[in-house]
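**Q** My questions are about this predicted structure, shown below with the sequence.
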Amino acid sequence: LDNTLWPVDPVIARAEQESWRWLAARAPEVVARVDVDALRARRNALFAARPEYIHNLTALRRDAMAQAMLDAGLSPAAADDLAAQALAEFLEHRNRVEFFPGALALLESLAGRYRLAALSNGNADLARIGVAHLFDVVLSAEKVGRAKPDPAMFARALAETGVQPSRALHIGDHPEQDVLAARRHGLGAVWANPLRLPRPDSLPADVPAFEDFDELARWLEVGTP
């Protein structure tokens, strides 16, 4: 989803800015003692200490905020409550995305013609974004308990769609977590490159790639990426 259907960096930046503005208005005593850089450092330290957070980035963000608020002098109960509210504000803005040109139109044209599954390591909420109805299966690392490139999410998607690996095509922006991981599980794979990045050396030469969704639409019509 992120960086495949929409650019994610500006979304996260805006969500962090708006949630920080929300926090400053409601808990100025916290903002006076903990800044954005300190919060980011707390999140990185927490992830380094507990790498299993890779399977639940929402919990990582919430717990890092709660710990930062403890550092600012709040009680555990108050820290947990304020972190939960700040996270809700973050998620509200995190799910305001702008699709790459042609991405939404292509999804709408494919829905009902293909079994569509969304697989994401992030915490985008397709229902809040307004496109969950276009997918037959929606999976996240939080829901499955494993993040790509772990094969669990691919296996779950195949099981829930009833599609054999040889008849499935995975489209994603990450060379390892999407393309190579899908291939290892027996799926076809296409590198989505709407950000127009240099092709990474790790991608085999026979992996097809596209930069705009009109190109992908043409491939799907003829059946050969």
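**A** Here it is on my side, so go on.

**Q** Now the spatially most central residue of the chain: closest residue in space that isn't a chain neighbour?
**A** Centrality entry for the chain: nearest residue to the mean C-alpha point is G122, 2.8 Å, by C-alpha atoms, centre = their mean. For G122, the nearest residue in space outside its immediate sequence neighbours is D2; the separation is 5.0 Å by C-beta to C-beta, 6 or more residues apart in numbering. No exception for glycine: its C-beta is placed from N, CA and C like everyone else's.

**Q** quick revisit: quick check: phi and psi on the residue nearest to the centre of the chain?
**A** The phi and psi values for G122, taken as degrees, to the nearest 10, are phi -90, psi -170.

**Q** That one reaches S140, doesn't it?
**A** Yes - at 7.4 Å, G122 and S140 qualify as touching, with contact defined as C-beta atoms under 8 Å.

**Q** Just checking, which helix or strand of the chain averages the lowest pLDDT?
**A** Here the helix or strand of the chain ranked lowest by mean pLDDT, DSSP states H and E is helix 28-31, holding a mean of 86.

**Q** Extract the CA atoms of that one and return them as PDB.
**A** Provided in PDB are the C-alpha atoms of helix 28-31 (Å, rounded to 0.1, in the frame of the first residue of the first chain):
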ATOM      1  CA  PRO A  28       2.000  21.600  27.000                       C
ATOM      2  CA  GLU A  29       4.000  20.400  30.000                       C
ATOM      3  CA  VAL A  30       4.900  17.200  28.100                       C
ATOM      4  CA  VAL A  31       5.900  19.100  24.900                       C
END
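
**Q** now what about the following helix or strand past it, what contacts it?
**A** Downstream of helix 28-31, the first helix or strand assigned by DSSP states H and E is helix 36-49. Residues from elsewhere that reach helix 36-49 (C-beta atoms under 8 Å, 6 or more residues apart in numbering): E16, W20, Y53, I54, L60, R61, D63, A64, M65, Q67, A68, D71.

**Q** which SSE is the second one in?
**A** By that I understand W20. Following DSSP H and E, the helix or strand that holds W20 is helix 9-26.

**Q** quick one: that helix to helix 36-49, angle?
**A** Using axes from the mean of the first three to the mean of the last three C-alpha atoms, to 10 degrees, one finds that helix 9-26 and helix 36-49 are set 110 degrees apart in direction.

**Q** Which elements pack onto helix 9-26?
**A** helix 28-31, helix 76-94 (3 or more C-beta pairs under 8 Å, 6 or more residues apart in numbering; DSSP states H and E).
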